[in-house]
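generate coordinates for the sequence data below:
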Amino acid sequence: MRRILVTGGAGFIGSNLVRLLLAERDDVEVVNLDLLTYAGNLANLRDVGPSRYTFIHGDVCDADVVRRALVGVDAVMHLAAETHVDRSIQGGAPFVRTNVLGTHTMLATALEVGVRRFLHCSTDEVYGELPWQDPDAPGPRERFTEETPMDPRSPYSASKAGSDHFALAFHRTHGMDVVVTRCSNNYGPFQFPEKLIPLCVTNALEDRPLPVYGDGLNVRDWIHVEDHCRGMIAALEGGTAGRIYNFGGDAERTNLQVVRRILSALEKGEDRIQFVRDRPGHDRRYAVDSARARAELGWAPLVTFEQGLDETVAWYDKNREWWRAVRA
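Take a look at the predicted model:
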C-alpha cells in the first residue's frame, strides 16, 4: 500500500485530488495535511471514508508537524498555497510565508526523512503574460512551454516562482526526486467563490451583478480540475525527476466569453454584467503548451470546456448550502 501525503487537501484542487486518488488507486492511502484557512474546508471531503484516508490539521511551515505527517509516507503531492491574485495585491506576506517558506519546509523535511518522490504543484502564472490573441482567430498561437523563462508579474506568481526555484534546486543540489507541474486556470466543484467562475455563478443564482475586470478581454486557458488532478497523478507516477510538466485545457476564452456562457446556462440576461476597474498588473493572456505531458505521460484533457462549465454551473446550483456557508 502506497502512502501519499497531500498538502492543502481540503482546498478546491486538493479535495478533488484526494477523491480521485482514492477512487482510482486501490493501493493508495492518503494523508491530508491542511491548515484549514479560509479556502480549506473539511466539508469538501465529508463523504470520504476513513479506511484509506487520514486528516491532519497543521501548517506546512511547521517542520515538527510536517515531520509527523511524513511518517511512513512514500510520496508528497504539495498543493498547499495561497492562490488568489487579488489577495496578494492587498498583502503579499502570507503568500511569501506559505508558498515560499512552506515549500522549503516541506522539501527540507521530506529530504530529511527520505521521501521517495516529491511533486510540487505550481501555476502557469509564473511565466508572465503572452501577447493578446483572439481566442477565436485561426492560425498559430503562442503558448507557454516548460522552457519559457519565468517572469512573474504579481506577488502571488512571484511567490510561486520562488517555490518552483526551491523545488528544482533541491533536485539539482541534493538529487531529490522532484517533479514540478504547472497548470492553467482550474474550474469545477468545490472552488471557493472568490474566483471568476464560482463568483459569477453564485452571483447570477442570487440575481446579483457579475463583476468583470476592465474590458473583459483578458484571455485564460481553462482546465477542468479533474483533468488537472489526473495530470498530477500521471506526473507523480511517470514523470522524470527534475522535469516540469504543463497542463492546459486547450480552452482559451476571454473572461467576457466565460461570463456570458454562465449567464446563458442559467438563462439570465447579460444586463447583469458589471464592468469594474481593472486590477493592477492584470496579465492580458495565458495559454500553455501541454505537448510534453501528452508525449511523456500519455495525458490529455478529457473534459471539454462547454461540458465542464455546464456541469460546474449545475453543481453550484445544486449545492447552494455549501457555497453560502463558505462565503459567509
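
so which bits of the helix or strand hosting Leu17 are buried?
For Leu17, the element it lies in under DSSP states H and E is helix 12-24. Going by neighbour count (16 or more other C-beta atoms under 10 Å), the buried part of helix 12-24 is Phe12, Ile13, Gly14, Ser15, Asn16, Leu17, Val18, Arg19, Leu20, Leu21, Leu22. In short, each C-beta sits where N, CA and C put it, glycine included.

distance from the helix ranked longest in the chain to the middle of the chain?
The longest helix of the chain (DSSP state H) is helix 155-174. For helix 155-174, the separation from the chain centroid amounts to 16 Å (computed by C-alpha atoms, centre = their mean, to the nearest Å).

tell me which residues are up against that helix.
With C-beta atoms under 8 Å, 6 or more residues apart in numbering as the test, helix 155-174 has contacts from 81-85, 87-89, 92, 95-96, 98-100, 102-104, 107-108, 111, 118, 120, 122-123, 125-126, 128, 150, 152, 176-178, 180, 182, 241-242, 244.

next SSE downstream of that helix?
Beyond helix 155-174 in the direction of the C-terminus, DSSP H and E gives the next helix or strand as strand 178-183.

partners of whichever helix or strand comes after that following strand in the sheet?
Following strand 178-183 in sequence order, the next helix or strand is strand 185-187 (DSSP H and E). Sheet pairing for strand 185-187, assigned by DSSP bridges, gives strand 219-224 (parallel).

quick revisit: report the angle between the longest helix of the chain and strand 178-183.
Orientation of helix 155-174 against strand 178-183 (axes from the mean of the first three to the mean of the last three C-alpha atoms, to 10 degrees) gives an angle of 160 degrees.

list the buried residues for helix 155-174?
Applying a neighbour-count criterion of 16+ other C-beta under 10 Å, one finds 155-164, 166-168, 170-171 buried in helix 155-174.

Leu33: which of those is nearest?
Ser163 (16.2 Å; C-beta to C-beta).

I'd assumed Leu35 was in contact with Asp59.
Yes: under the criterion of C-beta atoms under 8 Å, Asp59 makes contact with Leu35 at 5.0 Å.

which neighbours do those two have in common?
In the contact map built from C-beta under 8 Å, 6+ apart, no residue is linked to both Asp59 and Leu35.

what about Gly91, distance to Gln307?
Gly91 sits at a distance of 37 Å from Gln307 (criterion: C-beta to C-beta, to the nearest Å).

next: Pro152.
Remark: distance between Pro152 and Gln307 (C-beta to C-beta) = 32 Å.

next one: Arg46
Applying C-beta to C-beta, the value for Arg46 to Gln307 is 26 Å.

hmm, back to that, Val76: which of the buried residues of helix 155-174 is nearest?
When the buried residues of helix 155-174 are compared for distance to Val76 (C-beta to C-beta), Ala167 wins out at 10.7 Å.

quick one: the closest one from Glu146, how far?
Distance, Ala167 to Glu146, using C-beta to C-beta: 14 Å.

and for Arg327?
36 Å.

higher neighbour count, Pro152 and Gln307?
Taking neighbours as other C-beta atoms under 10 Å, Pro152 and Gln307 compare with Pro152 leading, 20 against 11.

what about Pro140, neighbour count?
Around Pro140 there are 6 other residues, counting by other C-beta under 10 Å.

in three-state terms, label it for me.
With DSSP: H, G, I helix; E, B strand; the rest coil as the basis, Pro140 sits in coil.

gap between it and His104?
39 Å.

so where do the strands sit in the stretch 201-328 of the chain?
Ranges of strands in the stretch 201-328 of the chain, per DSSP state E, counting those that start in this stretch, are 210-213, 219-224, 244-247, 252-254, 273-276.

avg pLDDT for the fourth one?
What strand 252-254 shows for mean pLDDT is 98.

now stretch 180-200
Rounded mean pLDDT across stretch 180-200 is 98.

now swap in stretch 96-114 and tell me
Averaged across stretch 96-114, pLDDT comes to 98.

what's in contact with that stretch?
By C-beta under 8 Å, 6+ apart, the list of residues contacting stretch 96-114 from outside reads 7, 59-63, 66-67, 70-71, 73, 76, 78, 80-82, 118, 120, 156, 159-160, 162-163, 166-167, 170, 174, 176, 178.
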